[in-house]
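Student: 3D model of this:
(chains A and B)
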Amino acid sequence: MATDSFRLTITEARELLRKRELSAVELTRACLDRIDAVEPLLNSFITVCADEALAQAREADRRLAKGGAPPLCGIPLAIKDIYATRGVRTTCASKILENFVPTYDATVIARLRAEGAVFVGKANLDEFAMGSSTENSAFGPTRNPYDTQRVAGGSSGGSAAAVAADQCLGSLGTDTGGSIREPASFCGVVGIKPTYSRVSRFGIVAYASSLDQVGPFGKTVRDCAIMLRSLAGADPADSTCSTRPVPDYEAALSGEVKGMRIGVPKEFFVEGMQADVENAVRAAIAHYQSAGARVVEVSLPHTQYAVAAYYLIATAEASANLERYDGIRYGVRVEADNLLDLYRKTRARGFGAEVKRRIMLGTFALSTGYYDAYYLKAQKVRTLIKRDFDQAFACCDLIATPTAPTTAFRLGEKMSDPLQMYLSDIFTISVNLAGLPGLALPCGYDAEGMPIGLQLIGPAFGEEIILRAGDAYERSGVLTRKPAVV
Amino acid sequence: MSASSEKYEAVIGLEVHAQLLTRSKIFCGCSTEFGAPPNTHVCPVCCGMPGVLPVFNRRVLELAIRMGLAAHCTIAPRSIFDRKNYFYPDLPKGYQISQYETPLCKGGYIELPGDGDNGGPTRIRLVRIHLEEDAGKNIHAPDCSLVDFNRSGVPLTEIVSEPDIRTPEQAGAYLRELRSMLRYLEVSDGNMEEGSFRCDANVSVRPRGSDSLGVKTEVKNMNSFRHVEHAIAYEIERQIELLEAGERVVQETRLWDPDRGVTRPMRSKEYAHDYRYFPEPDLPPLIVPPDLVEQIRIAMPELPAARRARYTSEMGLTPYEANVLTQEREIADYFEAVLPGLKNRKAAANWVMTEVLRVVNESGRGVAQSVPAPAEVGSLLKMVEDGAISLNAAKTAFAAMCKSGKNAKATVSELGLLQVSDEAAIAAACDEVICAEPAKVAEYRGGRDKLFGFFVGQVMKAMGGKANPKIINEVLRRKLAAS
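Tutor: Coordinates of the predicted model:
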């Protein structure tokens, strides 16, 4: 049992830990051994924290022995390396923060620490969460556990791959335009991006502040529900964070979908999408229908403008958010004769190509004379997209779409064509622009055995309904999960 | 004023940054205290560490609204913060959180005191008052540059005037009035040396009578009211000389060099910015509840302009006196606390303006720490009014009280300053003097009126300096006249 305990779900492990049939140290050691075994194939982690994790596990065992420990006590988790972790370097997969060690914890890290969670390591990502494949990492790409010649998706590729390959029981990612859902889809795991403001952003290194949101990856929908409950809730350190009470998401998993109105937007079934993806998603929707849900066609007419609006708003915010990496106070500094050259050389050497591209795009969008035509117009489009969803949710309870137009592509396939890469997020981006919750879960495999993701979108603070629908699908047993090959 | 400057008129607008009197910074809990060792009042938020977020200090809002109401501004029920982007080592995030399109306060005006000659008060209109965070401070050592972030995130208001100011003196008067208001309202300590009150000036000149505006320059680095007046005067002359020589004024930012008494252009790299303002996504809009504005309005103290008006109309003080007494709220409060029981308010005003202000200014400390309680000064002046002590005796007593902290009555009696108003005793002394100086008496009676003072002095001397001079005068005049 103990040796392959890394394969457990959080739900299963929680029971065994509580009954003391498994210790947190055993479980953590199993995960660390698993990391040692498969990490050379995957590169899911930038930093593995073996000693810290074992110390946390020992402490968790003491709490578990006393009884009444919180749900995530003793559970080994991977943390996207964009969360500030006190005393553990936080690189954002960037050379510029190669040796940056924060003196503070992100709010959600502090919460998980307080629960007794175990952090096995800092997961790989696209530099500053900018990318859809985790190829834009200064620490090398993460590979897909279903096929190591393919990408894990991004930007939270390390977090998704680590869960898929059983290197941890769950993980944390961030999602600005699809960075949790797309890699979840590519790696055949479950990921949820909560409603904007549901989870504190304090200590999450900012990419695009009005879009960034924290969320968990799990092997099951239930695992995500458990983690989300621990993450969500008001934070005095984040004034954009909602003060709404946090529901018991696990309690919402009734398995019942009867009478649920599922909206299917025609704009999300586009030409050029992979046929296997469309078929699997349609089959999942048909399953809901057979289980008693009502399927209604809805329209989100401004969907086609979402990617364009996103790449103006997100890059504009990023251009400001990344100004602090100037080589003055922390991070990499390249010395120069004068201040301007110090900035130029530091940032030229410290940032990767995609980050530079987005800083330039965003700087341009905000410049005098262009602001109205780009940034302001994009904000107007954002308002229209929000309105589309409001109207759709007037006649449905949740919306079902594919998570990504394709399954995981091959490493290097889209690196020379940023536009093609940007289109990987075509189905997820509008959800961020509207600030809504989105759940990605496996709903099939393509002809080559690569996982396909179903996306369930809820109205604002509608996490319970999408988790319930996702869990019901999972529990129905209609999909036989295939294990990763790694 | 030179002949050529008669032909021109200056157009001046001022931008004042005033530090708000909060204990903690605008977006984090660090202390705002001045003078701490470098980088001791800092945290991840005000150092711009990765992932941190700002949280707005509500106290800042109250203070800024107080100033806005005092300056007759419209308070925006909803305003937003913006990011102002530029790179500089003292700016840890690479952007300053400020307000751009929607400031907290719009419009309004500041009323400058009239000088009594040129008639009534002058209004300088305001464009806006907005909130922002301060930057840190660069310190340049010979072999390196260092940054102190203690000031980073200290709350500021920026008060922007319309270009309604016409002379350097008026600019000075505007700043003094603004500072006075900020101090009355306890919104800012207005301390220029510690950088809690800073001013930039936009200056242009145009032919007198013209409606259009000339090319302006922005003058920075003025650390006192005197510097502001000198720098503006210099800049006006410089621009006039350029125009008179047929040259053009270049729109630029110039730094005041107080040692050489000139302005010089900043290097273009130092200010050529496109700030790329956009709404700060980390902060929700600033919503001002209407009842908050009303609460603040009700609790507003009387402002210098209202006090000045009261002092001139109700007390009959001159505009000059009213102005001197009202510049600092502490002094005006003190003056008013001296008044109860006194008939002669003018004398009280004079006393505060000369004796009290002299001691306060010399001590360099606050009013409460340097002069006796106002009621004691009131009782001292009452004794003068009643003829119990002379004005000179009051000054002696006041000086002693400042040192000892004892009350007026005790001091006057300890020093034996009570003057003799007993007419019989004074008459006896007069008789003695008249008998002792027959020659002088004869001279006086022969028409040397000037000798009267001599007799007064002799009588006073005979009575140990404590006799009531008014009674001495009366008695002596009578006795010397009678022959």
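
Student: near chain B, which residues of the stretch 1-150 of chain A show up?
Tutor: A:82-84, A:90, A:92, A:97, A:100, A:102-104, A:106 (Cβ under 8 Å from any Cβ of the partner chain). All C-beta spots, glycine's among them, are computed from the backbone N, C-alpha and C.

Student: for stretch A:236-254, give the mean pLDDT please.
Tutor: Stretch A:236-254 shows a mean pLDDT of 98.

Student: now that stretch: buried residues?
Tutor: A:237-242, A:246-247, A:249-250, A:253 (16 or more other Cβ atoms under 10 Å in any protein chain shown).

Student: could you do stretch B:304-321 as well?
Tutor: For stretch B:304-321, using 16+ other Cβ under 10 Å, the buried residues are B:304-305, B:307-312, B:315, B:317, B:319, B:321.

Student: in a strand, residue B:127, correct?
Tutor: Yes. Per DSSP: H, G, I helix; E, B strand; the rest coil, residue B:127 lies within a strand segment.

Student: what is the burial count for residue A:104?
Tutor: Using other Cβ atoms under 10 Å in any protein chain shown, residue A:104 has 21 other residues around it.

Student: dihedrals phi and psi, it?
Tutor: The phi/psi pair for residue A:104 (degrees, to the nearest 10) reads phi -140, psi 160.

Student: that one against residue B:49, yeah?
Tutor: Yes. Counting by Cβ atoms under 8 Å, residue A:104 touches residue B:49, with 7.3 Å between them.

Student: top of the residues of the stretch 1-150 of chain A next to chain B by number of neighbours, please.
Tutor: residue A:82 (35 neighbours).

Student: which intervals of the chain have sub-threshold pLDDT?
Tutor: No chain specified, so I'll use chain A. A:1-3 (pLDDT under 70).

Student: sorry, I should have been clearer: chain B.
Tutor: Residue ranges of chain B with pLDDT under 70: B:1-4, B:115-120, B:267-272, B:482-483.

Student: quick check: residues of the stretch 301-450 of chain A near chain B?
Tutor: Counting by Cβ under 8 Å from any Cβ, the stretch 301-450 of chain A sits next to chain B at A:316-317, A:319-320, A:322-326, A:328-330, A:339-340, A:343, A:363, A:366-368, A:371, A:375.

Student: one more time with 6 Å
Tutor: Residues of the stretch 301-450 of chain A lying close to chain B (Cβ under 6 Å from any Cβ of the partner chain) are A:317, A:320, A:323-324, A:328, A:343, A:366-368.

Student: thinking again about what came up before, for residue A:18, state which of the buried residues of stretch A:236-254 is nearest.
Tutor: residue A:250 (14.8 Å; Cβ to Cβ).

Student: not counting residues beside it along the chain, what's closest to the closest one?
Tutor: Once flanking residues are discounted, residue A:250 sits nearest to residue A:225: 4.8 Å by Cβ to Cβ, 6 or more residues apart in numbering or on different chains.

Student: output the helix or strand hosting the one you found in CSV with nothing but the alpha carbons.
Tutor: Residue A:225 belongs to helix A:221-231 when assigned by DSSP states H and E. Extracted as CSV, the C-alpha positions of helix A:221-231 are listed here (Å, rounded to 0.1, in the frame of the first residue of the first chain):
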residue,chain,number,x,y,z
VAL,A,221,-13.5,16.9,-9.2
ARG,A,222,-14.0,16.1,-5.5
ASP,A,223,-10.3,16.7,-4.8
CYS,A,224,-10.6,20.1,-6.5
ALA,A,225,-13.7,20.9,-4.4
ILE,A,226,-11.8,20.0,-1.2
MET,A,227,-8.8,22.1,-2.2
LEU,A,228,-10.9,25.1,-3.3
ARG,A,229,-12.7,25.3,0.0
SER,A,230,-9.3,25.7,1.7
LEU,A,231,-8.1,28.3,-0.8
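
Student: and residue A:439, which of the three is it?
Tutor: Assignment for residue A:439 (three-state DSSP): strand.

Student: do the same with residue B:84
Tutor: At residue B:84 the chain is in strand, as set by three-state DSSP.

Student: for it, which residues make a bridge with it?
Tutor: Judged by DSSP bridges, the bridge partners of residue B:84 are residue B:96.

Student: how much space between residue B:283 and residue B:200?
Tutor: Going from residue B:283 to residue B:200 by Cβ to Cβ, to the nearest Å gives 26 Å.

Student: what's in contact with the helix or strand containing residue B:177?
Tutor: Assigned by DSSP H and E, residue B:177 belongs to helix B:168-184. With Cβ atoms under 6 Å, 6 or more residues apart in numbering or on different chains as the test, helix B:168-184 has contacts from B:12, B:16, B:18, B:70, B:110, B:112, B:124, B:165, B:188, B:190, B:197, B:225, B:228-229, B:232-233, B:301, B:303-304, B:327, B:329.

Student: in strands only, show me the residues you listed.
Tutor: The strands, defined by DSSP state E, take in B:12, B:16, B:18, B:110, B:112, B:124, B:197 from the contacts of helix B:168-184.

Student: farthest pair within these?
Tutor: B:12 and B:18 (18.5 Å).

Student: work out the gap between the helix holding residue B:177 and the centre of the chain.
Tutor: Relative to the centre of its chain, helix B:168-184 is centred 7 Å away, using Cα atoms, centre = their mean, to the nearest Å.

Student: okay, helices next: where are they in the stretch 101-250 of chain B?
Tutor: Counting by DSSP state H, counting those that start in this stretch, the stretch 101-250 of chain B has helices at residues B:168-184, B:225-244.

Student: redo these as TSV? Include mean neighbour count.
Tutor: Formatted as TSV, the helices of the stretch 101-250 of chain B follow (neighbours: other Cβ atoms under 10 Å in any protein chain shown):
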stretch	mean neighbour count
helix B:168-184	22
helix B:225-244	19
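
Student: adding distance to residue A:467, write these out as JSON lines.
Tutor: Shown next, in JSON lines, are the helices of the stretch 101-250 of chain B (distance: least, Cβ to Cβ, whole Å):
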{"stretch": "helix B:168-184", "distance to residue A:467": "54"}
{"stretch": "helix B:225-244", "distance to residue A:467": "63"}
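
Student: distance check, the residue lying closest to residue B:280 once chain neighbours are set aside against chain A.
Tutor: Leaving aside its chain neighbours, residue B:280 sits nearest to residue B:81 (4.1 Å; criterion: Cβ to Cβ, 6+ apart). Taking Cβ to the nearest Cβ, to the nearest Å as the measure, residue B:81 falls 10 Å from chain A.

Student: would you list the buried residues of stretch B:304-321 in a markdown table and tack on distance to chain A?
Tutor: Listed next are these as a markdown table, based on distance: Cβ to the nearest Cβ, whole Å:
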| residue | distance to chain A |
| --- | --- |
| B:304 | 36 |
| B:305 | 37 |
| B:307 | 40 |
| B:308 | 42 |
| B:309 | 43 |
| B:310 | 44 |
| B:311 | 46 |
| B:312 | 48 |
| B:315 | 50 |
| B:317 | 50 |
| B:319 | 47 |
| B:321 | 50 |
